[in-house]
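# what's the 3D shape of this:
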Amino acid sequence: MGKLLVGIALFFIGQILIWYQTNGQFVWKWCKENPFAMACIFSIPISYAFIVATKMVVGYFDGALWPGRFIGFATGITSFAILTSLYMNEGINAKTMISLVLATALVAIQILWK
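Numbers count the residues shown, from 1 in each chain. This next block holds a predicted model:
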C-alpha cells in the first residue's frame, strides 16, 4: 500500500506543477513573459515525478499500466479543479462536481477491484 500512496502523492505533485507551468501565465505577469523559463524550470521535476509515480503504481498493481493511467487522470482532474477554483475564481459547478465524483470512482475501481 505504501507504493500506491507514494505514487498517488507524486502524481498529485506532478499535476499541481503542470497547473502552475501552463496556467501561471494567467495569474502572474512574470510567467506570461517567460514561457521558456517556465518550461525549463518545471520540465525536469514534472517528468521525474511522473516517472517515479508510474513506477510505484505499476509496481503496486503487479505490472499493470492502466490503473496508473486512471490514477494520473483523476489526480489531474482533482488538482485542476481545486487550483482553478482557488486562483481563477472558477467555482466548482454541478458539471465539475460530477466529473470529480467520476474521477474518484475511477480511482476506487482501480484500487478496490482486484
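# most distant residue from the middle of the protein?
Ranked by distance from the centre of the chain (Cα atoms, centre = their mean), the top residue is residue 33, with 24.8 Å.
# phi and psi next, for residue 67.
phi -60, psi -40 (degrees, to the nearest 10).
# ok so, going back, how far away is the residue farthest from the centre of the chain from residue 44?
Taking Cβ to Cβ, to the nearest Å as the measure, residue 33 falls 21 Å from residue 44. No exception for glycine: its C-beta is placed from N, CA and C like everyone else's.
# likewise residue 84?
24 Å.
# coming back round to it: the residue farthest from the centre of the chain and residue 17, how far apart?
According to Cβ to Cβ, residue 33 stands 19 Å off from residue 17.
# and residue 25, by the same measure?
Applying Cβ to Cβ, the value for residue 25 to residue 17 is 14 Å.
# can you pull out the helices in this protein?
Along the chain, counting by DSSP state H, helices occupy 2-23, 29-33, 35-60, 66-88, 94-112.
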